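# with the input below, show me the fold.
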Amino acid sequence: MARDQIDMTPLQSRDELVAWLEAGVKPKSEFRIGTEHEKTPFTLDGHNPVPYEGPRGIGALLEGMKLLLGWDPIMENGNIIGLHDVTGGGAISLEPGGQFELSGAPIETVHQTMSELMAHLAQVREIATPLGIGFLGLGMTPSWSRAQMPVMPKGRYRIMTNYMPKVGRYGLDMMYRTCTVQTNLDFSSEADMVKKLRVSVALQPIATALFANSPFTEGKPNGFLSFRSEIWRDTDNARAGMLPWAFEDGMGFERWVDYALDVPMYFVKRGDTYIDVSGSSFRDFFEGKNEKIPGEKPTLSDWANHLSTIFPEVRLKRYLEMRGSDGVPWQQLPSHPAFWVGLLYDDDCLEAAWDIAKRWTAHERQALRDDVPKLGFKAKIGNRYLFEVAKDCMVLAHKGLAKRGRIDALGRDETRYLEPLDHIMDTGRTPAEGLLEKFHNSWGGSVDPVYREYAF
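Okay, the predicted model is just below:
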């Protein structure tokens, strides 16, 4: 979630950076689930991008949501750029091209994720429909060019927009044209964090295949099942990827800090102003050597903001973020936390998941991650198809959720949220393959029906 932290305590030592991450350690009884999802706004009339400005723009949508929800507005230079629920901890924020993001509150069960999602969608529709705005559940805008995308009035995005073309082919596509669903999960110790990080990095390509949902660019098939995932392979490799060093001896909070210190920065925020320091390292900033702000020392806010601009397949903050999946229609969104909670929150299932992945080499993990955007379940690791590995993971996800025994009002446990994924496994096809079949058949070679069939 692109909300900037405020803690202006100057940092004295590397130990404080490590301590900031360590503060995420929680007893199991306090483990929570956070789900974030992005959706692309479009005009119901004409299926065009929605600008920020104007009586039917994104700004007006946020103002309406503010009145409806009573949440605190997040302002920047007089523009409303998000909303924050001070009581529950949820937030609504904007991605660079207007993608509308719900960062869910930290909650206890996937049932609550579903309730939160249903409430959010009802609220959004109440404001958006009279404004003529709909939302699309895809991993990438299916029909618009980069040039058509609106730009949200956020200082950090201006800096990123200038920097991205210097470090990869697809950074601007990532910013302006993609949507994701992300699950944030807790850890009980440094060792627990390391195990969960390794398992989730190694198995991230399985989630990429299960949620692959971005096969179109500018109205035509792009040759991929998850083009969003392909985009991340050439966005900015200094801050993305499969973290091979995290599988080496000595991995822990300190190792992450050392990695993050050398990831190039984007900006430093002072008051309402974003100072462009793109390309310089946090390590130099820490030593007072940043030429844009000479002698200035970083604060905890600077550190928290910097950590939010690192984009590997799994990201460590004070929790772990699963980042490998495309945005999907609302019915499948709760499947994302369900899958990862089932795998990671039960110790036996976590151990069994590590058994699946622990013999893979860094080279094999990378090759799988490189192949999955195009091949989906047909990608291979060793002599196994990803589909077979996904089946093993689904068994564990079911088992882990069943063992949690969290029951809803109708007596059902959280395994019910895996049903959309079970259906995918039964057909053996990624969501993108279903989209492509419709495109070539019932949609008659047009992506336009997607705005009806895959809208929220």
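# quick check: closest non-adjacent residue to the residue of the chain most remote from its centre.
For the chain, the largest distance from the centre (C-alpha atoms, centre = their mean) belongs to residue 295, which lies 34.7 Å off. In this structure, residue 295 finds its nearest non-sequential neighbour in residue 288, 5.3 Å apart by C-beta to C-beta, 6 or more residues apart in numbering. (Glycine included, C-beta is placed from N, CA and C.)
# where does the one you found land in three-state SS?
Put simply, residue 288 is coil when judged by DSSP: H, G, I helix; E, B strand; the rest coil.
# do I have it right that it meets residue 298?
No: judged on C-beta atoms under 8 Å, residue 288 makes no contact with residue 298 at a distance of 9.3 Å.
# burial measure for the residue nearest to residue 295, as a count.
Other residues near residue 288 come to 12 when the count uses other C-beta atoms under 10 Å.
# from residue 422, how far out is it?
Between residue 288 and residue 422 the computed distance is 55 Å (C-beta to C-beta, to the nearest Å).
# do the same with residue 373
23 Å.
# which one of those two has more residues nearby?
residue 373 (27 against 15).
# OK, contacts around that one?
Going by C-beta atoms under 8 Å, 6 or more residues apart in numbering, residue 373 touches 208, 212, 224, 225, 226, 227, 229, 230, 233.
# can you pull the pLDDT of the residue farthest from the centre of the chain?
On pLDDT, residue 295 comes in at 85.
# ok, now residue 10?
We note a pLDDT of 87 for residue 10 in this prediction.
# count the residues that sit near it.
11.
# from residue 450, how far off is the nearest residue to it once chain neighbours are set aside?
Once flanking residues are discounted, residue 10 sits nearest to residue 297: 4.6 Å by C-beta to C-beta, 6+ apart. Distance from residue 297 to residue 450, counting by C-beta to C-beta: 50 Å.
# ok, the two, which is more surrounded?
Taking other C-beta under 10 Å, residue 297 and residue 450 do not tie; residue 450 has more neighbours (21 against 14).
# surely that one touches residue 138?
Yes: judged on C-beta under 8 Å, residue 450 makes contact with residue 138 at a distance of 6.8 Å.
# where do the contact lists of the two overlap?
residue 216.
# in the stretch 351-456 of the chain, which spans are helices?
362-375, 386-404, 419-427, 431-440, 450-453 (DSSP state H, counting those that start in this stretch).
# so for residue 191, which of those helices sits nearest?
With C-beta to C-beta as the measure, helix 386-404 is the member of these nearest residue 191 (19.0 Å).
# that closest one to helix 362-375, inter-axis angle?
Here helix 386-404 points in a direction 100 degrees away from that of helix 362-375 (axes from the mean of the first three to the mean of the last three C-alpha atoms, to 10 degrees).
# past the lengthiest strand in the chain, which element shows up next along the chain?
Looking only at the chain and at elements set by DSSP state E, the strand with the highest residue count is strand 33-43. Heading C-terminal from strand 33-43, the first helix or strand you meet, by DSSP states H and E, is helix 58-69.
# please state the offset of that following helix from the chain centre?
Taking C-alpha atoms, centre = their mean, to the nearest Å, the mean C-alpha location of helix 58-69 is offset from the chain mean by 23 Å.
# offset the numbering so it begins at 5, please.
Happy to do that; since the first residue is 5 now, the last one works out to helix 62-73.
# what's the next secondary structure element after that helix?
Using DSSP H and E, the next helix or strand after helix 62-73 towards the C-terminus is strand 76-80.
# for that following strand, enumerate the helices and strands it packs against.
strand 83-88 (3 or more C-beta pairs under 8 Å, 6 or more residues apart in numbering; DSSP states H and E).
# quick one: strands adjacent to the strand it packs on?
strand 76-80 (antiparallel), strand 95-98 (antiparallel) (DSSP bridges).
# tell me the most buried of those strands?
The highest mean neighbour count among these, using mean count of other C-beta atoms under 10 Å, belongs to strand 95-98: a mean of 24.
# contacts for that one next, please.
5-7, 62, 66, 69, 75, 78, 85-89, 104-107, 156, 158.
# ok, now with 10 Å
5-7, 40, 42, 45, 56, 62-63, 65-66, 69-70, 73, 75-76, 78, 83-89, 103-109, 124, 127-128, 156-158, 161 (C-beta atoms under 10 Å, 6 or more residues apart in numbering).
# mind giving me the packing neighbours of whichever helix or strand comes after that strand?
Later in the chain than strand 95-98, the nearest helix or strand by DSSP H and E is strand 104-107. In terms of contacts (3 or more C-beta pairs under 10 Å, 6 or more residues apart in numbering; DSSP states H and E), strand 104-107 is packed against strand 37-47, helix 62-73, strand 83-88, strand 95-98, helix 114-132, strand 184-189.
# for these, give me JSON lines that also has mean pLDDT.
Formatted as JSON lines, the helices and strands packed on strand 104-107 follow (pLDDT from 0 to 100):
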{"stretch": "strand 37-47", "mean pLDDT": "98"}
{"stretch": "helix 62-73", "mean pLDDT": "97"}
{"stretch": "strand 83-88", "mean pLDDT": "98"}
{"stretch": "strand 95-98", "mean pLDDT": "97"}
{"stretch": "helix 114-132", "mean pLDDT": "97"}
{"stretch": "strand 184-189", "mean pLDDT": "98"}
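# dump those to a markdown table, plus distance to residue 266.
Below are those laid out as a markdown table (distance: least, C-beta to C-beta, whole Å):
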| stretch | distance to residue 266 |
| --- | --- |
| strand 37-47 | 26 |
| helix 62-73 | 35 |
| strand 83-88 | 30 |
| strand 95-98 | 27 |
| helix 114-132 | 35 |
| strand 184-189 | 24 |
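# ok, which of these comes nearest residue 27?
The nearest among the helices and strands packed on strand 104-107, by C-beta to C-beta, is strand 184-189 at 15.2 Å.
# in its sheet, what does that closest one sit against?
Sheet pairing for strand 184-189, using DSSP bridges, gives strand 37-47 (antiparallel), strand 324-330 (antiparallel).
# ok, residue 47 - contacts?
53, 54, 55, 60, 135, 136, 137, 138, 455.
# which one (most neighbours) among the residues you listed?
residue 54 (25 neighbours).
# quick check: closest non-adjacent residue to that residue.
Using C-beta to C-beta, 6+ apart, the nearest residue to residue 54 is residue 45, at 4.2 Å.
# could you list the low-confidence segments of the stretch 255-404 of the chain?
Across the stretch 255-404 of the chain, nothing is flagged by pLDDT under 70.
# tell me which stretches of it form strands.
Per DSSP state E, counting those that start in this stretch, the stretch 255-404 of the chain carries strands over the ranges 271-274, 277-280, 315-316, 318-320, 324-330, 384-385, 388-389.
# what does the first one contact?
The contact list for strand 271-274 (C-beta under 10 Å, 6+ apart) reads 8-10, 12, 159-164, 167, 277-282, 284, 286, 289, 294, 296-297, 300, 302-303, 305-306, 309-310, 313.
# rewinding a little: could I get the helices of the stretch 355-460 of the chain in TSV, plus columns for distance to residue 223?
Below are the helices of the stretch 355-460 of the chain laid out as TSV (distance: least, C-beta to C-beta, whole Å):
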stretch	distance to residue 223
helix 366-379	20
helix 390-408	29
helix 423-431	25
helix 435-444	10
helix 454-457	10
